[in-house]
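S.K.: here is my input, please return the structure:
(one chain, ligands or ions: 1)
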Amino acid sequence: MSYPRVVVLFGIAISIIFFAISTMLYSRTSLSDQNSSKVDTVGGHTPGYPILKTTGDILDPTSSVINPKNAVVDPMKYLREFNYGRVSTSANGTVIRDFTLIASDQHTKEVSPGVFYNVWTFNGTIPGPTLRATEGDLVRVTLINQGTKFHSIHFHGIHPSEMDGVFEGIAPGGKFTYQFTAEPFGVFLYHCHMQPLEEHIGHGLYGVYIVDPKQGRPPADEMVMLMNGYDTDFDTENNFYTVNGIPFYYMHHPIQIEKNRLIRIYLVNMLEFDPINNFHLHANLFNFYKTGTKLVPDEYTDIVSMSQGERGILEFSYKYPGKYMFHAHKTEFAEKGWTGLFLVKDDTNESVNQNLNVTSARNNLSYSTSNFSNATNNLGYSTSNFSNATNILPTGGLK
Ligand SMILES: [Cu+2]
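M.R.: Numbers count the residues shown, from 1 in each chain. Down below sits the predicted model:
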């Protein structure tokens with residue numbers, strides 16, 4: 001073996017040893033980080049905002065319950081709450097729907113047990129309220145900026161350029177009314193469109209906007225599901241994934257539905273940072289209406305994948321009573337919070353729970369939602385200028 005060859009082989013051997021040692025050290029660090037309960041500090045991302053203490057990632061907080069006063073949203077309330085606005089009729093008979101959205105960016109809320117986050121919100125919650133109109137209505141949305149930064153609302157749908165909420169930011173203390181005709185029918189979203197977009201969306205300024213077809217849709221148990229995530233350590237990767245704002249919420253509080261009843265879900269993906277998200281339904285299939293802009297389904301499936309901003313309508317019913325999971329079929333997302341349960345009740349058999357094969361404390365779920373009922377009324381806002389916001393009355397169901 002020549003002298004240069006020996007040098008090369010020696011170099012390769014040293015590199016392999018170095019790689020092995022560093023890999024071992026790295027994996028040890030990761031493991032100890034996951035298992036320890038040490039308190040980390042996060043924040044300082046935005047000048048002027050507090051640096052917060054957190055115990056870090058909680059992958060399955062089945063034993064913890066968020067203090068409702070601190071929770072960023074009540075997911076059970078959000079699920080079936082539709083805001084139809086303050087309704088009036090113009091001289092020519094057009095239905096007018098007035099909504100008020102208040103933007104804020106200076107509050108801290110709990111997004112997972114023990115994890116506090118500087119939330120940027122419309123009307124105090126992530127996601128913001130679900131706005132709903134019928135095609136042809138005149139929609140007027142007044143944005144009041146009670147935050148410390150410029151914000152806007154960009155609606156998806158058809159409208160004039162000056163109502164697009166992209167180039168005109170609303171200054172702190174400012175106010176602007178977006179006005180457009182609700183068209184076409186479908187499921188849409190709204191979000192702040194100020195730069196950097198990643199920051200304004202990542203912190204929570206978004207919600208769902210539904211336009212019903214004039215003739216309506218068949219009666220159903222309707223719900224909204226918005227998929228999101230939280231990057232609580234500001235490394236542009238999500239630490240938590242959720243449907244409707246709180247990781248694992250519907251594992252603790254299964255969504256109760258009736259056997260053979262048509263379920264309609266307005267599903268929206270607002271997930272920042274990750275390129276794709278999806279929804280998988282267990283032991284069943286659903287009709288999927290992409291963007292909800294047609295009355296005939298595009299697909300009959302048990303899974304739908306969406307990129308950020310994509311959405312659609314799911315329709316299904318369960319034949320058999322029992323507990324069924326729904327979750328992202330991206331395992332990482334499912335295990336970091338994007339997992340929930342439907343509890344299908346059999347109206348002819350009250351004792352369906354006895355058949356659920358409860359095998360452990362973890363399965364002994366509490367279905368109570370009452371302790372959450374005041375959560376969203378307990379916002380840390382000044383009450384002045386807030387009266388308009390509470391005029392957005394939740395009515396539920398198709399109006
Ligand atoms: Cu904004």
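S.K.: list the residues that contact the closest residue to Ile303 other than its chain neighbours.
M.R.: The spatial neighbour of Ile303 that comes closest, neighbours along the chain excluded (Cβ to Cβ, 6 or more residues apart in numbering), is His280 at 4.4 Å. In this view, the C-beta of every residue, glycine as well, is placed from N, C-alpha and C. His280 makes contacts with Asp302, Ile303, Phe326, His327, Ala328, His329, as judged by Cβ atoms under 8 Å, 6 or more residues apart in numbering.
S.K.: and the fifth one, how many neighbours?
M.R.: Spelled out, it's Ala328. Neighbours of Ala328 under the rule other Cβ atoms under 10 Å: 27.
S.K.: my read: it touches Phe279, true?
M.R.: Yes - in this structure, Ala328 is within contact of Phe279 by Cβ atoms under 8 Å, at 6.9 Å.
S.K.: what is in contact with the two at once?
M.R.: Counting by Cβ under 8 Å, 6+ apart, the shared contacts of Ala328 and Phe279 are Met227.
S.K.: circling back to that earlier point, surely the residue nearest to Ile303 is in a strand?
M.R.: Yes - counting by DSSP: H, G, I helix; E, B strand; the rest coil, His280 is located in a strand.
S.K.: for it, list each beta-bridge partner.
M.R.: As for beta bridges, His280 partners with Ile303, His327 under DSSP bridges.
S.K.: for the protein, what lies in contact range of the ion?
M.R.: Residues of the chain lying close to the ion by Cβ under 5 Å from the ion are His151, Cys192, Met194, His200, Leu205.
S.K.: just the helices in the stretch 201-350 of the chain please.
M.R.: Remark: helices assigned in the stretch 201-350 of the chain by DSSP state H, counting those that start in this stretch are 249-252, 331-335.
S.K.: how about Lys323, what does it touch?
M.R.: Pro254, Leu341, Phe342, Leu343, Val344, Leu356.
S.K.: grab the nearest non-local neighbour of the fourth one.
M.R.: Which is Leu343. In space, and not counting its chain neighbours, Leu343 is closest to Pro254: 3.9 Å by Cβ to Cβ, 6+ apart.
S.K.: quick check: the gap between the one you found and Phe234.
M.R.: Using Cβ to Cβ, to the nearest Å, Pro254 is found at 33 Å from Phe234.
S.K.: go on, Thr301?
M.R.: Counting by Cβ to Cβ, the gap from Thr301 to Phe234 is 36 Å.
S.K.: ok so, going back, turn the buried ones among the contacts of Lys323 into a named ChimeraX selection, would you?
M.R.: The following ChimeraX line selects those of those that are buried, judged by 16 or more other Cβ atoms under 10 Å:
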select :254,341,342,343,344
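S.K.: now the contacts of Lys323 as TSV including pLDDT?
M.R.: Below are the contacts of Lys323 laid out as TSV (pLDDT from 0 to 100):
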residue	pLDDT
Pro254	95
Leu341	97
Phe342	98
Leu343	97
Val344	97
Leu356	44
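S.K.: buried stuff in stretch 266-280?
M.R.: Tyr266, Leu267, Val268, Asn269, Met270, Leu271, Glu272, Asp274, Asn277, Asn278, Phe279, His280.
S.K.: can you tell me how far Arg264 is from Tyr320?
M.R.: Per Cβ to Cβ, Arg264 is found 20 Å from Tyr320.
S.K.: check Leu341 too.
M.R.: 15 Å.
S.K.: how far does the longest strand that the chain contains sit from the chain's center?
M.R.: Identified as the longest strand of the chain according to DSSP state E is strand 95-112. The chain centroid and the centroid of strand 95-112 are separated by 14 Å under Cα atoms, centre = their mean, to the nearest Å.
S.K.: how distant is whichever helix or strand comes after it from the center of its chain?
M.R.: Next along the chain after strand 95-112, taking DSSP states H and E as the criterion, comes strand 115-122. In terms of Cα atoms, centre = their mean, the centre of strand 115-122 is found 13 Å from the chain centre.
S.K.: do the same with stretch 269-280
M.R.: How far stretch 269-280 lies from its chain's middle: 10 Å, per Cα atoms, centre = their mean.
S.K.: first-to-last residue distance for it?
M.R.: Stretch 269-280 has an end-to-end distance of 13 Å (criterion: Cα to Cα, to the nearest Å).
S.K.: avg pLDDT for that stretch?
M.R.: For stretch 269-280, mean pLDDT is 97.
S.K.: follow-up on the earlier one: most tightly packed of the helices of the stretch 201-350 of the chain?
M.R.: helix 249-252 (a mean of 22; mean count of other Cβ atoms under 10 Å).
S.K.: elements contacting that helix?
M.R.: Contact here means 3 or more Cβ pairs under 8 Å, 6 or more residues apart in numbering; DSSP states H and E; on that basis helix 249-252 packs against helix 75-79, strand 339-345.
S.K.: give me that answer again for 10 Å
M.R.: helix 75-79, strand 240-243, strand 322-327, strand 339-345 (3 or more Cβ pairs under 10 Å, 6 or more residues apart in numbering; DSSP states H and E).
S.K.: so which of these is the most surrounded?
M.R.: strand 240-243 comes out most buried of the helices and strands packed on helix 249-252 by mean count of other Cβ under 10 Å, with a mean of 28.
S.K.: wasn't Ser88 part of a helix?
M.R.: No - per three-state DSSP, Ser88 lies outside any helix segment and is strand.
S.K.: where does it land on pLDDT?
M.R.: At Ser88, pLDDT is 98.
S.K.: for it, list the residues it contacts.
M.R.: Thr94, Val95, Ile96, Arg97, Asp98, Leu138, Arg140 (Cβ atoms under 10 Å, 6 or more residues apart in numbering).
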